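>>> quick one, fold the following:
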Amino acid sequence: MDVVDEMAAVRGTAFMDGRWMPLAEASVPILDRGFVRSDATYDVAHVWKGRFFRLMDHVERFQASMAGLRMSLPYSAEQIAGIMVECTARSGLRDAYVQVTCTRGMPPAGTRDPRLCRNRLYVFAQPFVWIADEQQRRDGLRMILSTTQRIPPESLDQRIKNFHWLDLTMGIFEAYDRDATVCAMPAADGTITEGPGFNIFVVKDGALATPERGMFEGITRRTVFEIAADLQLRCEVRPVRAEEVVAADEIFVTSTAGGVTPVTSYEGRPVGDGRPGPLTARITELYWRRHEDDAFCTPVPYAD
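Here you go, the predicted model:
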């Protein structure tokens, strides 16, 4: 299948710097610093059964990321949310992955001063993206500890969602090379940070722990905090050392692309009894139940 055929198979709708179009026709100018310098920030929300989950939380986080990179757009939070909803409505997708991106834009001819760029907004809706396939969600992921260190927050605040994925991508290759499906990225001090596109939780003696720095603070991670509070579970946000992961009773990862996913193998050894743990299963159930709660959801007004 060539590039033209691949793009023709793409489903979805895009809003590209003020213009609506089919996702298959969407493109970013090749001189946009978002492309040539990875000078961009983005956020991703999902739509499940025709309703956005925690839409404004995603938009507010997106605006905070823009502020952190000294970007701005002529749109309010409500207008950005409206574009995301309209994108989804135009696409007709009931289960969707909706990405909103701000790029630095293109500098005027003869300069590369980022202050002179007009920042650009790009939004697209496509079919729902899962971080794991159906079997992996049922049986659990195989995880390894990457030998590639995560870019430290002293270099780039990882709370700002960004396109600097080469360290994460090298971790993905290493996972596949070692017959695993995902990886945990270490920091220089022997703690773990996150994985490519997900946060990590470990469970020991009925208590949860998740790293406190060096990673993106996910909305699904936030939802797990709330669920843990409802269940009166201890949930610690603190440095998590690599050896704690080895000794965990349960491990799970969280992402907008699929919610809560169990890890049943770590560094080639079973986690617990090698099956998804009961606490992970309970949190997963309550996570999806929240998608039925109007307090967390924004309906999409489809034409039909």
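
>>> C-alpha only now, for contacts and for neighbours.
Noted.

>>> give the other helices and strands that the helix or strand residue 90 falls within contacts.
Element membership of residue 90, judged by DSSP states H and E, is helix 77-91. On a contact count with 3 or more Cα pairs under 8 Å, 6 or more residues apart in numbering; DSSP states H and E, helix 77-91 meets strand 13-16, helix 55-68, strand 96-103, strand 120-127.

>>> spit out the contact partners of residue 16.
Going by Cα atoms under 8 Å, 6 or more residues apart in numbering, residue 16 touches 26-28, 121-123.

>>> equivalent analysis for residue 146, please.
171, 174-175, 183-186.

>>> now render those as JSON lines, adding neighbour count, pLDDT and distance to residue 128.
Putting the contacts of residue 146 into JSON lines (neighbours: other Cα atoms under 10 Å; pLDDT from 0 to 100; distance: Cα to Cα, whole Å) gives the following:
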{"residue": "171", "neighbour count": "25", "pLDDT": "97", "distance to residue 128": "24"}
{"residue": "174", "neighbour count": "20", "pLDDT": "98", "distance to residue 128": "26"}
{"residue": "175", "neighbour count": "21", "pLDDT": "98", "distance to residue 128": "24"}
{"residue": "183", "neighbour count": "28", "pLDDT": "98", "distance to residue 128": "22"}
{"residue": "184", "neighbour count": "29", "pLDDT": "98", "distance to residue 128": "24"}
{"residue": "185", "neighbour count": "27", "pLDDT": "98", "distance to residue 128": "25"}
{"residue": "186", "neighbour count": "24", "pLDDT": "97", "distance to residue 128": "29"}
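
>>> how about the spatially closest residue to residue 179 that is not a sequence neighbour, phi and psi?
The shortest distance from residue 179 to any non-neighbouring residue, by Cα to Cα, 6 or more residues apart in numbering, is to residue 142 (8.0 Å). In terms of degrees, to the nearest 10, the main-chain angles of residue 142 are phi -100, psi 120.

>>> please tell me how far residue 142 sits from residue 110.
From residue 142 across to residue 110, the span is 50 Å (Cα to Cα, to the nearest Å).

>>> relative to residue 165, how far out is the nearest residue to residue 40 once chain neighbours are set aside?
Of all residues not flanking residue 40 in the chain, residue 103 sits nearest, at 4.2 Å (Cα to Cα, 6+ apart). Here the criterion is Cα to Cα. By it, residue 103 lies 16 Å from residue 165.

>>> quick check on these two: which one has the bigger neighbour count.
Shown here are residue 103 and residue 165; by other Cα atoms under 10 Å, residue 103 has more neighbours (26 against 14).

>>> correct me, but the more buried one touches residue 36?
No - counting by Cα atoms under 8 Å, residue 103 does not reach residue 36; the two are 10.6 Å apart.

>>> for the chain, what spans make up the helices?
Using DSSP state H, the helices of the chain run over 3-8, 33-36, 55-68, 77-91, 134-139, 166-177, 219-230, 242-246, 278-289.

>>> that older thread, do you know which of the helices and strands packed on helix 77-91 lies nearest residue 154?
Closest of those to residue 154 is helix 55-68, at 13.7 Å (criterion: Cα to Cα).

>>> mind listing residues that contact that closest one?
Applying Cα under 8 Å, 6+ apart, the contact partners of helix 55-68 are 41-45, 72, 77, 80-81, 100, 102, 159-161, 219, 297-298.

>>> now it, how far from the chain's geometric center?
Centre-to-centre, helix 55-68 and its host chain are 13 Å apart (Cα atoms, centre = their mean, to the nearest Å).

>>> export it as PDB, just CAs?
This file holds the C-alpha atoms of helix 55-68, laid out as PDB (Å, rounded to 0.1, in the frame of the first residue of the first chain):
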ATOM      1  CA  LEU A  55     -13.000  17.400  28.000                       C
ATOM      2  CA  MET A  56     -12.300  20.700  29.900                       C
ATOM      3  CA  ASP A  57      -9.600  19.000  32.000                       C
ATOM      4  CA  HIS A  58      -7.700  18.300  28.700                       C
ATOM      5  CA  VAL A  59      -8.300  21.800  27.300                       C
ATOM      6  CA  GLU A  60      -7.000  23.400  30.500                       C
ATOM      7  CA  ARG A  61      -4.000  21.200  30.500                       C
ATOM      8  CA  PHE A  62      -3.400  22.100  26.900                       C
ATOM      9  CA  GLN A  63      -3.500  25.800  27.700                       C
ATOM     10  CA  ALA A  64      -1.000  25.300  30.600                       C
ATOM     11  CA  SER A  65       1.400  23.500  28.200                       C
ATOM     12  CA  MET A  66       1.100  26.400  25.700                       C
ATOM     13  CA  ALA A  67       1.900  28.900  28.500                       C
ATOM     14  CA  GLY A  68       4.900  26.800  29.500                       C
END
